[in-house]
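Student: sequence below, structure please.
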Amino acid sequence: MLYFTRAKTLGILFLCLLGAVLCLPNLGPRPAFVPSFVPWNQVHLGLDLKGGSYLLLQIDTGAIQKQDINSLVDQTRQLLVNAKLGYTGLHGDATAEQVVFHALPGQEQAAMQALRALITYAPNAASPSVTLSLAPDGTITIAVPEATQAQRNAQAITQAITIIERRIDGSGVLNASIARQGEDEIVVQLPGISDPERVKTLIGTTAHMTFQMVDSNAPPGQLAPLGDETLPMSDNPQQSLTVFSTVAVDGADLENAQASTDPQSGQWVVNFSLNARGAREFADVTTANVGKLFAIVLDGKIIEAPVIREPITGGQGQISGNFTAQSATDLALLLRAGALPAPLSIVEEQSVGPELGADAIRAGAAALSLGFVLVLAFMGTFYGLFGWFANIALVVNLLLMLAILSIMGATLTLPGMAGILLTLGMAVDANVLINERVREETRLGKKPLAALEAGYKRAYATIIDSNVTTLLAHVTLFIFGSPPVRGFAVTICVGIITTIFTATVLVRLITSRWYIARRPAQLPV
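Tutor: The predicted structure follows:
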């Protein structure tokens, strides 16, 4: 148990030195002499230590269902028209997740055959996209299975998280934490933000942009004709324009958007470019409608409605308005990140000021330092030289924990600091077991080398058992716990791994080297 080859000794020392080196990034920003390819990972501070905002968002699954049903109605209408089949009463019910219509007498089976094109299977899906049923009175029902809608909602949540990440990354917020919670909620933690209202606006804006033609023939001040819709102007909600409901070009075809200033007017504008399909559609629409108003609509509000003076064939355009530098930059960011699949609402919001976070850091650091000193004093007092061997391992244990958390890019919170302190207390348990076992073997009259060998060997199984059971308990906490509990669990799990190494390997190496150098006739126990 006390024999170490040269290679094994060098490997252990190298691992300890590597842990110390990996802790260096936490001392400050990357120095100029450190090359850019060298990793410089740090442990980040959470909301309760650095200050910031916590947002609990809920996605509107009802809006997703409404979008899907409306799309299903359009697909059904198009399939029936292409098959030259008549129908009556075509409508969708988002609550019941179905589309219903009446086929003309004698055309029921033909309609069912034409609508089979709607039935598709997503990868790894257990149910089809829709199911078809025909009633005796000729009523055809197209229903969306519950499993399919649940999968669609899950995809929308994943898509929303991706878009929120793009928006937050583009806004300059560092170390944001975004995670799904439950079936329709998203947790967003934004440490150290200076303008929480701006970030909330960026997150909550759906940012669905469309290009629609203005219906110049619609009578002003009256209800919009069939096939039209009346939308307010974004800069003046009292004013509105009537546009065709049909989307000429969808913002989903947007490829890039950048804020800049117009060379002629000096005002802030947003320049955008479309992909190949969008550029082709944009060229077709502007070529066919020269001299007409072309509305740019964002989330149901018209940003502007310029006149098409000439065909735009390059797939590039410009959005102008009463933009400031910040609003133009934010709009460009929203367009680049893409539209949310459904509106998000803020269910819960918490803010922590930086002063409160600084107080928490001071209190946590004081508790950690005091606990660390007390553990060192206890081990040195009760176990003498072997206790100080354990103290050396405890310092290395702390460095290795910090190194692993740095590699992971972990976020340290108050529960995490409590986990570090608890780990330091638990770490010496293994050395207490070993030292007590060595004492017992010495009292039995065994020689120093035999007592050390027996002490480490007999305590080893107990140390492994206790740490593994603790590790399993905290893995369970991580799986089922809330974010603060997960931070605590991660810290404890990392600490258990480093504790097993330092207590059973490093201390044993130190003891072995001491014994070889001194060859004591009696152990200082």
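Student: quick one: distance of the worst-scoring helix or strand of the chain on mean pLDDT to the chain centre.
Tutor: One helix or strand of the chain scores below all others by mean pLDDT, DSSP states H and E: helix 47-50, with a mean of 75. Here the centre of helix 47-50 is set off from its chain's centre by 18 Å, with C-alpha atoms, centre = their mean, to the nearest Å.
Student: so where's the stretch 301-450 of the chain uncertain?
Tutor: 353-357 (pLDDT under 70).
Student: related to what we said a few turns ago, for the least confident helix or strand of the chain, C-alpha coordinates in PDB please.
Tutor: Provided in PDB are the C-alpha atoms of helix 47-50 (Å, rounded to 0.1, in the frame of the first residue of the first chain):
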ATOM      1  CA  LEU A  47     -26.900  35.900  -9.100                       C
ATOM      2  CA  ASP A  48     -26.800  35.700  -5.300                       C
ATOM      3  CA  LEU A  49     -23.100  36.600  -5.400                       C
ATOM      4  CA  LYS A  50     -22.700  38.900  -8.400                       C
END
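Student: give me the next element, helix or strand, following that helix.
Tutor: strand 52-59 (DSSP states H and E).
Student: what strands line up against that following strand, and which way round?
Tutor: The pairing partners recorded for strand 52-59 under DSSP bridges are strand 185-191 (antiparallel), strand 344-352 (antiparallel).
Student: which of the ones you listed is buried the deepest?
Tutor: strand 185-191 (a mean of 21; mean count of other C-beta atoms under 10 Å). For every residue, glycine as well, the C-beta is placed using N, CA and C.
Student: what's that strand in contact with?
Tutor: The contact list for strand 185-191 (C-beta atoms under 8 Å, 6 or more residues apart in numbering) reads 44-47, 50-59, 157, 160-161, 164, 168, 173-181, 196, 199, 203, 344, 347, 411, 483.
Student: tell me what the next helix or strand after that strand is packed against?
Tutor: Note on strand 185-191: by DSSP H and E, the next helix or strand toward the C-terminus is helix 196-204. With contacts defined as 3 or more C-beta pairs under 8 Å, 6 or more residues apart in numbering; DSSP states H and E, helix 196-204 has these neighbours: strand 52-59, helix 146-171, strand 185-191, helix 325-337, strand 344-352.
Student: for Ser273, helix, strand, or coil?
Tutor: The three-state assignment at Ser273 reads strand, by DSSP: H, G, I helix; E, B strand; the rest coil.
Student: tell me what it is bridged to.
Tutor: Asn256, Gln316.
Student: which residues does it contact?
Tutor: 254-257, 279, 315-317.
Student: for Ile492, same thing?
Tutor: 419, 422-423, 470, 474.
Student: for Glu146, same thing?
Tutor: With C-beta under 8 Å, 6+ apart, Glu146 has these contacts: Glu97.
Student: which SS class is Pro341?
Tutor: coil.
Student: any idea how far Val130 is from the residue lying closest to it once chain neighbours are set aside?
Tutor: Spatial nearest neighbour of Pro341, chain neighbours left out: Ala156 (4.1 Å); criterion: C-beta to C-beta, 6 or more residues apart in numbering. Applying C-beta to C-beta, to the nearest Å, the value for Ala156 to Val130 is 18 Å.
Student: next: Leu13.
Tutor: 65 Å.
Student: who has more neighbours out of those two?
Tutor: Per other C-beta atoms under 10 Å, whichever of Leu13 and Val130 has more neighbours is Val130, with 23 against 12.
Student: the more buried one touches Val144, doesn't it?
Tutor: Yes. Using C-beta atoms under 8 Å, Val130 is in contact with Val144, at 5.8 Å.
Student: and the residue nearest the centre of this structure?
Tutor: The centroid of the chain falls nearest to Ile178 when counting by C-alpha atoms, centre = their mean (3.1 Å).
Student: surely that residue forms part of a helix?
Tutor: No. Assigned with three-state DSSP, Ile178 falls outside any helix and is strand.
Student: wait, what's in contact with it?
Tutor: 161, 164-165, 168, 186-189.
Student: can you check Val505 too?
Tutor: Ile12 are the contacts of Val505 under C-beta under 8 Å, 6+ apart.
Student: and it, how far from Ala393?
Tutor: 9 Å.
Student: ok, now Met209?
Tutor: Taking C-beta to C-beta, one finds Met209 at 60 Å from Ala393.
Student: quick one: buried residues of stretch 83-94?
Tutor: For stretch 83-94, the neighbour count (16 or more other C-beta atoms under 10 Å) marks 85, 87, 92, 94 as buried.
Student: who does the second one bridge with?
Tutor: Beta-bridge partners of Tyr87, counted by DSSP bridges, are Ala103.
Student: what's the pLDDT at it?
Tutor: Per-residue pLDDT puts Tyr87 at 88.
Student: and if you look at the last one?
Tutor: At Ala94 the predicted local distance difference test score is 83.
Student: can you tell me how far it is from Gly62?
Tutor: Applying C-beta to C-beta to Ala94 and Gly62 gives a distance of 7 Å.
Student: which helices and strands does the top helix by length along the chain pack with?
Tutor: Taking DSSP state H as the criterion, the chain has its longest helix at helix 354-408. In terms of contacts (3+ C-beta pairs under 8 Å, 6+ apart), helix 354-408 is packed against helix 6-23, helix 47-50, helix 414-443, helix 483-501, helix 507-518.
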